[in-house]
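Novice: Below: sequence and its predicted model.
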Amino acid sequence: MYAPQILIEAALNGLMTGAVYALIALGLTLVYGVLHIINFAHGALLTVAMFAVWGAFALFRVDPYLAMLGIVPLMFGAGYALQRFVIGPASHGSDNNVLLVTLGLSIVLENALLALFRSDTRALDSDAALQVVELGPLLLSTPRLIGFAASLAVTALLWLLLNRTDTGRAIRAVAREKLGARLVGIEVDHVYAVTFGLGCACLAVAACLLMPTYYVNPRSGAAFVLVAFTIVVLGGMGSITGALVGGLIIGVVESFSGLLLGDSLGQIGIFLIFILVLLVRPTGLFGARA
């Protein structure tokens, strides 16, 4: 039997980790909601962002949170360019081709990172991971608290962008009816590229929040994206609210699974949830039925 303090800490740690997971899933569900495709390059792009954070710290001693100011716009620009000039033209308007192009892009990026950095694992040479905040009897990781707050803030900003700006209205119009949006003068290809760029920007924020406590190697992103896919399925494909709620749930499930089964088996609970949702509610918690 665990002490209440341990159970409360496990729940809070799960919520804080889950918020960053939700940020990764947010980029995935945003791209699916507008482009209606699953981006198989999502994990590789997260790895690129994590290496960018590591490089900024290793070469210039830039704090990972401060690096967000440069890496987020860079990743947005890279995502915009990839969709506008690589994925879009190469797919020739076919969703099946988009899947193949993003899969090929993932392979290219992972092997390019492997050639540049080998398979070595790298981490920030910093004491940030050891910093804690005392809340009465509870000890909470400072980087995870920052990650939790930043993830909620980014989710709120994205919601405001989609619901309170002309760009957001254009994105929602294209997501609902591409042909109708084109007929009223919306440049669909530009909206697709902006959406893909926003998904990459979410990855950049997540990378800056992850690197103080995680390591990076050319395959790091794949593990996070497996969790992100589970969150998207749990929350509902294309639902921003679902991504946030699903991320928090998955974070808590992973935390308690790790507590009860050990760190090496902690993700068993995540994939049991994944199977259960597919069996009971395939549309997810907030997904609309077709």
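Specialist: Looks like it arrived, so ask away.
Novice: contacts and neighbour counts: CA atoms only from here.
Specialist: Will do.
Novice: Point out where this protein drops to low pLDDT.
Specialist: 1, 93, 288-290 (pLDDT under 70).
Novice: mind listing the strands for it?
Specialist: In the chain, the strands defined using DSSP state E lie at 132-135, 138-141.
Novice: How far does the first one sit from its chain's centre?
Specialist: The reference is to strand 132-135. 27 Å (CA atoms, centre = their mean, to the nearest Å).
Novice: Need the residue closest to the centroid of this protein.
Specialist: With distances taken as CA atoms, centre = their mean, Ile24 lies nearest the centre of the chain, 0.8 Å away.
Novice: could you list every residue that touches that residue?
Specialist: Ile24 is in contact with 202-203, 206, 224-225, 228, counting by CA atoms under 8 Å, 6 or more residues apart in numbering.
Novice: same thing but at 10 Å, please
Specialist: When contacts are counted by CA atoms under 10 Å, 6 or more residues apart in numbering, Ile24 touches 18, 42-43, 46, 151, 199-207, 221, 224-225, 227-229, 231-232, 243-244, 247.
Novice: quick one: buried residues of stretch 7-18?
Specialist: Buried residues in stretch 7-18, counted by 16 or more other CA atoms under 10 Å: 9-18.
Novice: what number of residues lie near the closest residue to Gly33 other than its chain neighbours?
Specialist: Of all residues not flanking Gly33 in the chain, Gly238 sits nearest, at 4.0 Å (CA to CA, 6 or more residues apart in numbering). Gly238: 25 surrounding residues under other CA atoms under 10 Å.
Novice: correct me, but Gly238 touches Arg176?
Specialist: No - in this structure, Gly238 is not within contact of Arg176 by CA atoms under 10 Å, at 11.2 Å.
Novice: what's the overlap in contacts for the two?
Specialist: With CA under 10 Å, 6+ apart, Gly238 and Arg176 have common neighbours 33-34.
Novice: Contacts only, for Ala78.
Specialist: By CA under 10 Å, 6+ apart, the residues touching Ala78 are 45, 72, 84, 193, 196-197, 200-201.
Novice: swap in Phe196?
Specialist: Phe196 neighbours (CA under 10 Å, 6+ apart): 27-28, 30-32, 34-35, 39, 76-84, 190, 202.
Novice: Would you list the buried entries among those?
Specialist: 27-28, 30-32, 34-35, 39, 76-84, 202.
Novice: dump the residue contacts of Val174.
Specialist: Neighbours of Val174 in contact, by CA under 10 Å, 6+ apart: 33-35, 168, 180-182, 186-189, 191-192.
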